[in-house]
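Colleague: Return a 3D structure for these sequence lines:
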Amino acid sequence: MPSRRDLPPPPPPAHLREWLDESVVRADRARFLADLSRRSLGLGRLVLLWLVAAVFALGWTFVGMAVMTFESGAGLDHLFGAVFAVMGLGVLGPAGYCFVRGARQERRVHRLLCAWVVAGRDPGTDAVLRAPGRSAVWLVASLALGALGLWTAFAAAAGARPDTDTVGQIAYVMGLGMILWITALLGLAKAATHYSWSLRARTARPNRPRAGTATAPIHPRPTKSSLAGA
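Modeller: Alright, predicted model coming up:
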């Protein structure tokens, strides 16, 4: 997972952009927006989201085995149940950490996307940022996963039989369905957020310095500078 230092820099203040070469600003804006868009809606992000969900499912499986073992008997069964419970918590803990870290990274990427959108305007570049193919993959995959999760959860509840199914078994299957459903909701939210951002990119107006704001002294515009610091 990329660190904060790997992310593109934020755009310079509006009053400083007034004295930068316009072609340099446009080129940096296009490059950084393309990079951030790939980080936000790339297929790798979808795979990473599903991998984290798979780790959650593995941890929940251990927890479900612990509950079912506790229900099946006493003595040695309780010992195995305790082992399964510890294994489940050992898997769910790192999975939760990875999820929180990924959510923070997503928030930083989204903030940079919104900041660079209003740093200028380039209709040709902004049209490409819509990424309809990647958006469609996120949307279709999330819808399919959500349907599977809902079917799993409701089928487990509707098909439960008191004489054959235990509470642990029903809770385990319904928990797996909920993990799939929540993962699908996150994917749908990602696709919707990107669509909303792409609309903002097409209609954004560059930020201008406010009246009365102190500006930098007038110097000749540099012709070979880069906002990337290279």
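Colleague: average pLDDT for the lengthiest helix in the chain?
Modeller: If you go by DSSP state H, the chain has its longest helix at helix 76-117. Per-residue pLDDT values across helix 76-117 average out to 89.
Colleague: Spell out the residue ranges of the helices in the chain.
Modeller: So, for the chain - with DSSP H - the helices run 14-17, 22-41, 43-72, 76-117, 123-128, 132-158, 167-203.
Colleague: pull the helix or strand with minimum mean pLDDT from this structure.
Modeller: Among the helices and strands of the chain, helix 14-17 carries the lowest confidence by mean pLDDT, DSSP states H and E, at a mean of 68.
Colleague: Give me the distance between residue 23 and residue 127.
Modeller: Distance, residue 23 to residue 127, using Cβ to Cβ, to the nearest Å: 19 Å. C-beta coordinates here come from the backbone N, C-alpha and C atoms, glycine included.
Colleague: For this structure, give me the ranges with low pLDDT.
Modeller: 1-5, 14-21, 73-76, 122-125, 201-230 (pLDDT under 70).
Colleague: quick revisit: tell me which of the helices of the chain lies nearest to residue 7.
Modeller: helix 76-117 (6.3 Å; Cβ to Cβ).
Colleague: okay, now residue 6: neighbour count?
Modeller: 10 (other Cβ atoms under 10 Å).
Colleague: for the longest helix of the chain, the distance to its chain's centre please.
Modeller: 13 Å (Cα atoms, centre = their mean, to the nearest Å).
Colleague: Determine the angle, from 0 to 180 degrees, between that helix and helix 167-203.
Modeller: Here helix 76-117 runs at an angle of 10 degrees relative to helix 167-203 (axes from the mean of the first three to the mean of the last three Cα atoms, to 10 degrees).
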